[in-house]
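Asks: model this:
(4 chains)
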Protein chains: 2
Amino acid sequence: MRPLQCRRNSIVGRPGEYRHQQQGRPLRRPGYTPSVAVAVVVVIFTVRQDRLNVLLIERAAEPCKGEWALPGGLLLPGETLDAAARRKLEDETGVSDVFLEQLYTFDRLGEGKAEVVVSYFALVDIGRTRLRSESEWRPAWHPVHPTPPTAFENDRVIAYAEERLRNKLEYTNVVYSLLPERFTLTRMQQTYEAILGERLDKRNFRRRVVGLGIVRPTGRFEKQGAHRPAMLYEFTSRKPMIL
Amino acid sequence: MRPLQCRRNSIVGRPGEYRHQQQGRPLRRPGYTPSVAVAVVVVIFTVRQDRLNVLLIERAAEPCKGEWALPGGLLLPGETLDAAARRKLEDETGVSDVFLEQLYTFDRLGEGKAEVVVSYFALVDIGRTRLRSESEWRPAWHPVHPTPPTAFENDRVIAYAEERLRNKLEYTNVVYSLLPERFTLTRMQQTYEAILGERLDKRNFRRRVVGLGIVRPTGRFEKQGAHRPAMLYEFTSRKPMIL
DNA sequence: TCAAAAGTGTTCATCATACACCCATGA
DNA sequence: TCATGGGTGTATGATGAACACTTTTGA
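Replies: Got it, this is the predicted structure:
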């Protein structure tokens, strides 16, 4: 429920400078182009065992060797922010073609080299990921609650991403990126519950997602255990949409 | 109306590595810290004569001399992003203490020096601004519809900011930053209408903003013209809040 | 008395929420 | 036949949207 909606029926037509901060008085110095170290980090979420998890990497080098941190790295001159984020995501999980969105740009996170950190967040289906295992920078899934201690204040980034995810769940179809091709509505509901941290009503949940047309039954069933088989559903669209 | 809400009554507990991209194969090069030029730009909105306006500056130097662009500049080493944005805002309008929020971080906007542009957006009451007039970089208000041609693809930034503003209007109290201490509800409604680009219903609008408790009557009246005087209202809080 | 803007209430449709029982299967 | 999870319908309250007339003032 949007708190401020008072529409009427009718709709009306719609319509490089460089400054040096010194003792409060900015002072121009032409010709000189300052540059800073910029990093890109990616908060990669998945739902595993009915819990929201985030991918962290154990740092094999200084600074903060041995601590957990988000996958990321310094931005290369000439590289696009989106490209850097996609590369990190694919390097660590092997997946591409999932929901990935810029989150926020932080300043001075911890005592890393990067002065500016552009964060992204991604949603992956646990079933499709193949974590890198050979390397010395071991990635691993960690529950978000509680978030383990992280280097470079990465917990702030994770908390921000989680908030954004919770909001997006409510007004978009981004869950598609956390679920396989076909899935049961119970699984879908558990995914919502894991992220929102509260239980939903089964009947209301089903009425909603089917009624909004974001999923449709496939006609196939999943048999498992000694109980009635469950209908498998699929998303009508696997692109991010506002509902 | 949030499309996906199926709550139950019960609530369950909730709760720098460097890589070089070369022919697809990232390659680590320890020791070297690449850096890039980072700029901060601010989309400063106001409502003037019932229209949403944005502050643009006529560039006095190359590149793009003589074209209109958003206020901004390169980030200084050691300067905080928020601080840079606040400084730009104050330099151009003379106001501080208004709503200012990070918007998005862009890549390669036009052919400026900056490879990474961190954008902010701000909302100011036209009555409090004193535009810089002495300098060679002349700032001026421009209607957002239609947006004049801008340097560095700044129109993309403005369009993004406008979308964010429209969304924020609906679920926060950020309008406070566009209005003076005391104002009539008609003025407030016109502000909404200017931004949303559509007419609102007077009775519904008033019931809502008063009912939500975001404004309260002051008991003072504004007399003007040959008609009934209007009650002056004030915001119950002048801090950003989610409604 | 007229023009101009201020102010005010009700109806209806939609939708979020709460809630409990039967069904299909394999052990 | 029993245990397990799958599947379904209805009643109520809240809220967004539509809609028109009276009031106050100064000219």
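
Asks: how about stretch A:87-96, does it get close to chain B?
Replies: Yes - Stretch A:87-96 lies within reach of chain B by CB under 8 Å from any CB of the partner chain, at A:87, A:91. All C-beta spots, glycine's among them, are computed from the backbone N, C-alpha and C.

Asks: that stretch: which residues count as buried?
Replies: Under the neighbour-count criterion of 16 or more other CB atoms under 10 Å in any protein chain shown, stretch A:87-96 has A:87-89, A:91-93, A:95 buried.

Asks: do stretch A:139-156 as well
Replies: A:139, A:141-142, A:144, A:147, A:150-156.

Asks: quick one, longest strand in chain A?
Replies: Counting by DSSP state E, the longest strand found in chain A is strand A:38-48.

Asks: tell me the helix or strand right after that one.
Replies: strand A:51-58 (DSSP states H and E).

Asks: and the following helix or strand past that following strand, what does it pack against?
Replies: Next in sequence after strand A:51-58, counting helices and strands by DSSP H and E, comes strand A:68-69. Judged by 3 or more CB pairs under 8 Å, 6 or more residues apart in numbering or on different chains; DSSP states H and E, strand A:68-69 is in contact with strand A:51-58.

Asks: for DNA strand C, tell me whether stretch A:216-227 is touching it.
Replies: Yes - interface with DNA strand C: stretch A:216-227 contributes A:223, A:225-227 (CB under 7 Å from any atom of the strand).

Asks: of these, which belong to strands?
Replies: Short answer: the residues of stretch A:216-227 next to DNA strand C have none in strands (DSSP E).

Asks: burial count for residue A:171?
Replies: When neighbours are defined as other CB atoms under 10 Å in any protein chain shown, residue A:171 has 16 of them.

Asks: ok, what's across the strand from the nearest residue to residue A:80 once chain neighbours are set aside?
Replies: Among residues not flanking residue A:80 along the chain, residue B:107 sits closest, at 5.1 Å (CB to CB, 6 or more residues apart in numbering or on different chains). Under DSSP bridges, the beta-bridge partners of residue B:107 are residue B:116.

Asks: what distance do you get for residue B:107 to residue B:226?
Replies: From residue B:107 across to residue B:226, the span is 56 Å (CB to CB, to the nearest Å).

Asks: okay, these two: which has more neighbours?
Replies: residue B:107 (17 against 4).

Asks: surely that one is in contact with residue B:116?
Replies: Yes - under the criterion of CB atoms under 8 Å, residue B:107 makes contact with residue B:116 at 6.5 Å.

Asks: rewinding a little: what's the closest of the residues of stretch A:216-227 next to DNA strand C to chain B?
Replies: Chain B has its nearest neighbour among those in residue A:227, at 22.5 Å by CB to the nearest CB.

Asks: where does chain A dip in pLDDT?
Replies: Applying pLDDT under 70 to chain A flags the ranges A:1-31.

Asks: just the buried residues of stretch A:69-84, please?
Replies: Applying 16+ other CB under 10 Å to stretch A:69-84 flags A:69-76, A:79-81, A:84 as buried.

Asks: which helix runs longest in chain A?
Replies: helix A:154-171 (DSSP state H).

Asks: what about that one, near DNA strand D?
Replies: No - Helix A:154-171 stays clear of DNA strand D (CB under 7 Å from any atom of the strand), getting no nearer than 14.3 Å.

Asks: that helix near chain B anywhere?
Replies: Yes - contact between helix A:154-171 and chain B, assessed by CB under 8 Å from any CB, occurs at A:169-171.

Asks: so which other helices or strands are in contact with that helix?
Replies: By 3+ CB pairs under 8 Å, 6+ apart, helix A:154-171 packs against strand A:38-48, strand A:51-58, strand A:99-107, strand A:116-123, helix A:185-196.

Asks: can you list the residues of chain A near DNA strand C?
Replies: A:1, A:201-204, A:207-208, A:223, A:225-229.

Asks: are any of those buried, and which?
Replies: residue A:208.

Asks: now, which of the residues of chain A next to DNA strand C lie within helices?
Replies: Using DSSP H, the residues of chain A next to DNA strand C in helices are A:202-204, A:207-208.
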